[in-house]
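*Asks:* Got a predicted model here, sequence first, then my questions.
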Amino acid sequence: MALVLAGLVSATAADDGSTATGVVVHNGAVFTVLEERSDGWVVATPCRTEIFLDEGVRFYTADVVLDPGHGGPETGSVGANGLVERDVNLWVALLTRAELEALGYSVVLTREVDLHMGIVQRANVANALSPSGFVSIHHNGGAVRHSHEPGTETFHQYGDDESRRLAGLLFEEVQAALATWDVRWVDTVHKGTSARIRSDNTDVYGVLRLTPDLPSAIVEAAYLSNAPEAELLADPEVLIAEAAAIARAVDRFLTSGDPGSGFKRAFVDAATTGTGTGWNCDDSGYGHSVSVASGYTEQEYADLVAMAARVGRSPESLQRFGVYALDFFHALGGRVSLDPFPPEVIPVVSGSSVPVDVTLPWTPADQVLLTRVADAYGLSPAEAQKVGAVLMVFLIGISG
Ligand SMILES: [Zn+2]
């Protein structure tokens, strides 16, 4: 039964990002803060797993958020010279941040290293920081039509004037910067500034659709799929020029009323499904496990071992199932009134009379559950763990 309970609880536990405020940056990954605690934060990882994190740099807001598109197994376009879009996007984003910081802006990236991250979490990072501008940086693929000038494409949020102005300035600056080089460019009919929408007038791109309160835009600079342009993107000078252009566009957006240029009509694109679903996203390496020790009397420990043996589990895992069960009962609290435990029934978890320690390593994801259960019942984590064990001994006992 505990397994069933655990499955039910974990399937419903991770869906509330609405109160997110700010982020923590740690080892180049960016975590949205779901809950502030005295000893750290409950956060969502780039793969949207809820974990407990106790180290990193806290940001409550930022002037600008930059999103280096793709990452990890989602490579984006790949050049004939081996250049991969996810890397080029990151290099340009890092260079753009440096340019913007030199102009006095605070900047946060959705990722500072190569990692897997879905579209929803990229939008969550931007929304959590309430920036004055959000730019997703990409490089294009697919076009074959020869052009005498770069095929820069920028996309804005449908029906949003500020987003449209931001995209127009990005097109204007990036197109002019790249045009300095004379190569065999390619383009499509979508060269310029436009909105790519579905038949119901919503934006195709999730980073635009999921950030309705921000001026957001996507820049697709140069075609990695076109060998001459891939060669160009292998030149650091070109990347620096592109980054400076993006920074100038953002600066003009924030300090002037300049309209931008390259505007085209919005177009319906029913075929584009896009990448960035975060499918199979696995970032279980973040955070670190902790051990929580709970003391038991000899009799309590003997009962725990006996009941664990009866169901073919370890005493440690029985404690964990018990905490999941407590979480399940707490989740029923809307219908069943559950008050904090009266002090007289809280088990003793420490002291000289306790001969046996049962310690259990709690993963960063499990720590979220343990602290939630402890808070809900007014217990310490060690007490909650032991109450869980006592509960399991009771449940297995009555099941015969
Ligand atoms: Zn891309």
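*Replies:* That came through fine. Just so it is clear, the structure is predicted and the values come from calculations on it, not from any experiment. Numbering: from 1, shown residues only.

*Asks:* pLDDT weak spots in the chain?
*Replies:* Applying pLDDT under 70 to the chain flags the ranges 1-20, 272-275, 333-339, 350-357, 400.

*Asks:* How about the residues of it by the ion?
*Replies:* 69, 76, 138 (C-beta under 5 Å from the ion). C-betas here are computed from N, CA, C, even on glycine.

*Asks:* Residue 107: what's it in contact with?
*Replies:* The contact partners of residue 107, by C-beta atoms under 8 Å, 6 or more residues apart in numbering, come to 62-66, 96-97, 100-101.

*Asks:* And the residue of the chain closest to the ion?
*Replies:* As assessed by C-beta to the ion, the ion sits closest to residue 138 within the chain, at 3.5 Å.

*Asks:* Look up which residues are beta-bridged to that residue.
*Replies:* Per DSSP bridges, the residues bridged to residue 138 are residue 220.

*Asks:* quick one: contacts for it?
*Replies:* 69-70, 76, 85, 89, 218-221.

*Asks:* what's the neighbour count on the residue lying closest to residue 26 once chain neighbours are set aside?
*Replies:* Counting by C-beta to C-beta, 6 or more residues apart in numbering, residue 56 is the residue found nearest to residue 26 once chain neighbours are left out, at 3.2 Å. Residue 56: 20 surrounding residues under other C-beta atoms under 10 Å.

*Asks:* just residue 285 next, same as before
*Replies:* Look at residue 285: counted by other C-beta under 10 Å, it has 11 neighbours.

*Asks:* My reading is that it is in a strand; is that accurate?
*Replies:* No: the assignment for residue 285, made by DSSP: H, G, I helix; E, B strand; the rest coil, is coil rather than a strand.

*Asks:* residues in contact with the one helix or strand residue 397 maps to?
*Replies:* Per DSSP states H and E, residue 397 falls inside helix 381-398. Residues from elsewhere that reach helix 381-398 (C-beta under 8 Å, 6+ apart): 1-2, 292-296, 300, 303-304, 307, 310-311, 315, 318-326, 341, 346-347, 349-350, 358, 360, 370-371, 373-374, 377, 379.

*Asks:* try 7 Å this time
*Replies:* Residues outside helix 381-398 that contact it (C-beta atoms under 7 Å, 6 or more residues apart in numbering): 2, 292-294, 303-304, 307, 310-311, 318-319, 321-323, 325-326, 346-347, 349, 360, 370-371, 373-374, 377, 379.

*Asks:* Provide the secondary structure category for residue 318.
*Replies:* Here residue 318 is recorded as helix under three-state DSSP.

*Asks:* I figured it hits residue 308, correct?
*Replies:* Yes: shown here, residue 318 and residue 308 form a contact pair, counting by C-beta atoms under 7 Å, at 4.7 Å.

*Asks:* hang on, the earlier thing: give me the distance between the residue of the chain closest to the ion and residue 340.
*Replies:* Counting by C-beta to C-beta, to the nearest Å, the gap from residue 138 to residue 340 is 51 Å.

*Asks:* Would you convert the contacts of residue 138 into CSV that also reports distance to residue 396?
*Replies:* CSV is the format used below for the contacts of residue 138 (distance: C-beta to C-beta, whole Å):
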residue, distance to residue 396
69, 51
70, 49
76, 52
85, 54
89, 53
218, 55
219, 59
220, 59
221, 62
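
*Asks:* now that we have the residues you listed, which one has the most neighbours?
*Replies:* The residue in the contacts of residue 138 with the most neighbours, by other C-beta under 10 Å, is residue 221 (31 neighbours).

*Asks:* Name the nearest residue to that residue, sequence neighbours excluded.
*Replies:* Nearest to residue 221 is residue 174, by C-beta to C-beta, 6+ apart, at 5.0 Å.

*Asks:* residue contacts, the nearest residue to residue 225 once chain neighbours are set aside?
*Replies:* Closest residue in space to residue 225, ignoring its immediate chain neighbours: residue 141 at 4.0 Å, by C-beta to C-beta, 6+ apart. By C-beta under 7 Å, 6+ apart, the contact set of residue 141 is 77, 223-225.

*Asks:* farthest-separated two in these?
*Replies:* 77 and 223 (7.7 Å; C-beta to C-beta).

*Asks:* quick one, which of the two is more surrounded?
*Replies:* Taking other C-beta under 10 Å, residue 77 and residue 223 do not tie; residue 223 has more neighbours (29 against 24).

*Asks:* which ones are touching that one?
*Replies:* Taking C-beta under 7 Å, 6+ apart, one finds 140-141, 143, 151, 186, 229 in contact with residue 223.

*Asks:* quick one: the helices in the protein?
*Replies:* Here the chain has its helices, by DSSP state H, at 2-12, 85-102, 119-129, 161-178, 206-209, 227-233, 236-255, 298-310, 315-331, 364-377, 381-398.

*Asks:* what's the distance between the fifth one and the middle of its chain?
*Replies:* Going by C-alpha atoms, centre = their mean, to the nearest Å, the spacing between the C-alpha centre of helix 206-209 and its chain's C-alpha centre is 14 Å.
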